[in-house]
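Colleague: Build the 3D model from these lines:
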Amino acid sequence: MFSEWLSQHDIRKCLKTMDGYRPYPKAVDRVYWDGVPEDIRATAVSHAEKYLGYGYPIVRASDFMNFYRTGDRSANGEQHFGRRQALRRLVIGECVEHKGRFMDDIVDGIWAICEESFWGVNAHNGVNADREILPNVENRYIDLFAGETAALLAWTEYLLGEELNAVTPMILQRVRHEVRERIILPYLTRRDFWWMGYPGGHMINNWTPWITSNMLAVFLLTEPDADLRAQCVSKACYSLDRFLDVYKPDGACDEGAHYWTKAGLSLFDCLDELFAATDGAFDFYGEPLIGNIARYIVHCHIAGPYYVNYGDGAPVLNELNYAQIYRFGKALGDEFVMDFAAAALRPYEEELNIPIMRALPAIMVDSEIRSRARRAVVGKDAYLADNQVVFARDGEREDGFFFSAKGGSNGESHNHNDVGSCIAYWKGVPLLIDLGVETYSRKTFSPQRYEIWTMQSSFHNLPEINGFMQRPGKDACAGDARYERGDDRVFFSADIAKTYPAGAGVTRCVRAYELVRPEEGRWALAITDDMAFTGAENRVTLNFMTWKEPVPQADGSLLIDLGGAKVAMRCDQAEPIVEKHEFSDKRLSQAWQNGIVYRVRYAVTLGREGGTRVTLRPADA
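Modeller: Numbers count the residues shown, from 1 in each chain. I've put the predicted structure just below:
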């Protein structure tokens, strides 16, 4: 798509020069910055004031090595991100106030970052990260956060270049030296960074647009050489084409809603930069795939802060930049996306805690968004057939019943073994859940990934068959997916037998979901499995994960109190076994705040063929 456009255009003639590229006003443009709404000004200055006299944390070699010694990446991450958050907030604060009182702390931040051996984090240390315990300064690697760091410095130079030179020209001389050595030269000369998309690398994912958006910022803002700028854009277009190669026409992000902000929204960052740098010549907003990628996040929204969270996603998304989503919708001319973002826009305090690349446009369009009439945007039903993901509600209200299920494969990016699983909410409260993922460690992205309980199918809403859980791999996939929709009914099914190893002895396992909704507030969800086996006697254990405690009733059902709404759950073939699972992991606890989840198990014995049926409905129905 993008490389084809390049073949038909002289990119050197299309691209603005470095001096001509002015995506946002610089700090010296006081007409603009003095006109920023007062509440945004107050928030930005308050953020910056917290870092006056800030002692930038030391980046310790021992903390960096901990990832390889113990698998822990948190200490190095706190040092790394703490430095960058401070610099980012100080820069925006100085742009708003422009009194010079933040400048020394900004210089300290720039200098501290330039002194680092590696601008990335320990979990991403080089092409041979599994063998390199400390950074190799003679073999530079661009990871997610090296890219973000370079872009932060580029935006700092762009916004405050005159002010920094007034302190001493040595500051920007140092920045340019470090950016050229660590970023510009490796980016232009290397092809072995897997996220670039060249043959031989592993599966492309959010890394590609995320890093590419930052590479574009570096070159467009700070590189004066027209040939090098053109080379960057050419390479960026190649990588973005490879990123879109893994997308199917329905635009679903197989990494889930959590990573969409770094996948689909980072793609928009790239499109936005190139549109501005070419005076609108680079325009792909009319492409159906681009529109579908934007709308995916709206489909995934459940209620309030909750989103569908298959894979490594979290159910509560605090990192979505709604101002940038609004701009994505506006570029597309999509009122549906714009209305969604405007309705979800958060207070300034939260909206501005983002990279400068997104903070600047957020400030610029804030008044426009907040003046827009807010109306709730709730998509009733959607089926993304290419990725086999269904979304359905009992009405067009956030506090109604919401249900999602997936087919797909166990070879997706940030995969969990969850083909055929589901998520359900009622009254905006989690009912059947996807746990998400624990705090990342070395084990998370290792051959031992599926030893982690949250990755296993038996801790999703799925059956365990003859003692076997699902296996990973692209060939562990759903087949014969079916979707039907009517005003009072939604049906989805898929055969998930191929996701189980041969030892399970299952030849057919059609997991089906039927949501019946005769009227809003009156619904029933039936979950069935139709199975066939090679053996005469088979043990099947159905697993369902809940956040609220399921309480056994005298009639064999379970009662799940969601706090204001109660759900009855029943299996036609077995009595329930309720397990309590406690955890202290920080990342899981952010979603499931009491540190407890429950697993409901139904143990069933079947012959060569047989089935199971579980139903959920309002307890008073």
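Colleague: List the buried residues in stretch 528-544.
Modeller: Within stretch 528-544, the residues that count as buried by 16 or more other CB atoms under 10 Å are 528-533, 538, 540-544. Heads up, the C-betas are built off the backbone N, CA and C, glycines and all.
Colleague: export it as PDB, just CAs?
Modeller: In PDB, the C-alpha atoms belonging to stretch 528-544 read as follows (Å, rounded to 0.1, in the frame of the first residue of the first chain):
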ATOM      1  CA  THR A 528     -22.700 -25.500  24.700                       C
ATOM      2  CA  ASP A 529     -20.100 -28.000  23.700                       C
ATOM      3  CA  ASP A 530     -20.800 -30.700  21.100                       C
ATOM      4  CA  MET A 531     -18.000 -33.300  21.200                       C
ATOM      5  CA  ALA A 532     -16.800 -36.500  19.600                       C
ATOM      6  CA  PHE A 533     -13.900 -38.700  20.700                       C
ATOM      7  CA  THR A 534     -11.700 -41.600  19.700                       C
ATOM      8  CA  GLY A 535     -12.200 -43.300  23.100                       C
ATOM      9  CA  ALA A 536     -15.300 -44.800  24.700                       C
ATOM     10  CA  GLU A 537     -15.100 -42.900  28.000                       C
ATOM     11  CA  ASN A 538     -14.000 -39.300  28.300                       C
ATOM     12  CA  ARG A 539     -13.500 -36.900  31.100                       C
ATOM     13  CA  VAL A 540     -14.400 -33.200  30.300                       C
ATOM     14  CA  THR A 541     -14.000 -30.400  32.900                       C
ATOM     15  CA  LEU A 542     -15.600 -27.100  32.000                       C
ATOM     16  CA  ASN A 543     -13.800 -24.100  33.400                       C
ATOM     17  CA  PHE A 544     -15.300 -20.600  33.900                       C
END
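Colleague: beta partners for the closest residue to residue 571 other than its chain neighbours?
Modeller: Excluding the flanking residues, the one nearest residue 571 by CB to CB, 6 or more residues apart in numbering is residue 602, at 4.3 Å. Beta-bridge pairing for residue 602 (DSSP bridges): residue 542, residue 576.
Colleague: could you redo the buried residues of stretch 528-544 as JSON lines and give each row pLDDT, distance to residue 474 and secondary structure?
Modeller: JSON lines is the format used below for the buried residues of stretch 528-544 (pLDDT from 0 to 100; distance: CB to CB, whole Å; DSSP: H, G, I helix; E, B strand; the rest coil):
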{"residue": "528", "pLDDT": "98", "distance to residue 474": "26", "secondary structure": "strand"}
{"residue": "529", "pLDDT": "98", "distance to residue 474": "23", "secondary structure": "strand"}
{"residue": "530", "pLDDT": "98", "distance to residue 474": "24", "secondary structure": "strand"}
{"residue": "531", "pLDDT": "98", "distance to residue 474": "23", "secondary structure": "strand"}
{"residue": "532", "pLDDT": "98", "distance to residue 474": "24", "secondary structure": "strand"}
{"residue": "533", "pLDDT": "98", "distance to residue 474": "24", "secondary structure": "strand"}
{"residue": "538", "pLDDT": "98", "distance to residue 474": "26", "secondary structure": "strand"}
{"residue": "540", "pLDDT": "98", "distance to residue 474": "25", "secondary structure": "strand"}
{"residue": "541", "pLDDT": "98", "distance to residue 474": "26", "secondary structure": "strand"}
{"residue": "542", "pLDDT": "98", "distance to residue 474": "26", "secondary structure": "strand"}
{"residue": "543", "pLDDT": "98", "distance to residue 474": "23", "secondary structure": "strand"}
{"residue": "544", "pLDDT": "98", "distance to residue 474": "26", "secondary structure": "strand"}
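Colleague: Tell me the one among those residues nearest to residue 466.
Modeller: Taking CB to CB as the measure, residue 466 lies nearest residue 538 of the buried residues of stretch 528-544, at 5.7 Å.
Colleague: That closest one: what's it in contact with?
Modeller: 465-466, 505-506, 531, 605-608, 610 (CB atoms under 8 Å, 6 or more residues apart in numbering).
Colleague: what's the answer for residue 210, then?
Modeller: Contacts of residue 210 by CB under 8 Å, 6+ apart are 144, 147, 262-263, 266.
Colleague: Quick one, which of these are buried?
Modeller: Using 16+ other CB under 10 Å, the buried ones in those are 144, 147, 262-263, 266.
Colleague: from these, which two are the most distant?
Modeller: Across those, the longest distance by CB to CB is 14.6 Å; it joins 147 and 263.
Colleague: hang on, the earlier thing: any chance of the buried ones among the contacts of residue 210 in a markdown table, with distance to residue 308 and pLDDT too?
Modeller: What follows is the buried ones among the contacts of residue 210, written out as a markdown table (distance: CB to CB, whole Å; pLDDT from 0 to 100):
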| residue | distance to residue 308 | pLDDT |
| --- | --- | --- |
| 144 | 24 | 96 |
| 147 | 28 | 98 |
| 262 | 17 | 94 |
| 263 | 15 | 96 |
| 266 | 19 | 98 |
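Colleague: Show me which of those is closest to residue 441.
Modeller: Nearest to residue 441 among the buried ones among the contacts of residue 210, counting by CB to CB, is residue 144 at 17.0 Å.
Colleague: The closest one contacts residue 119, correct?
Modeller: No: Residue 144 is beyond contact range of residue 119, at 10.2 Å (criterion: CB atoms under 8 Å).
Colleague: Between these two, which contacts overlap?
Modeller: Common neighbours of residue 144 and residue 119 (CB under 8 Å, 6+ apart) do not exist.
Colleague: what secondary structure does residue 177 sit in?
Modeller: Recorded secondary structure, residue 177: helix (DSSP: H, G, I helix; E, B strand; the rest coil).
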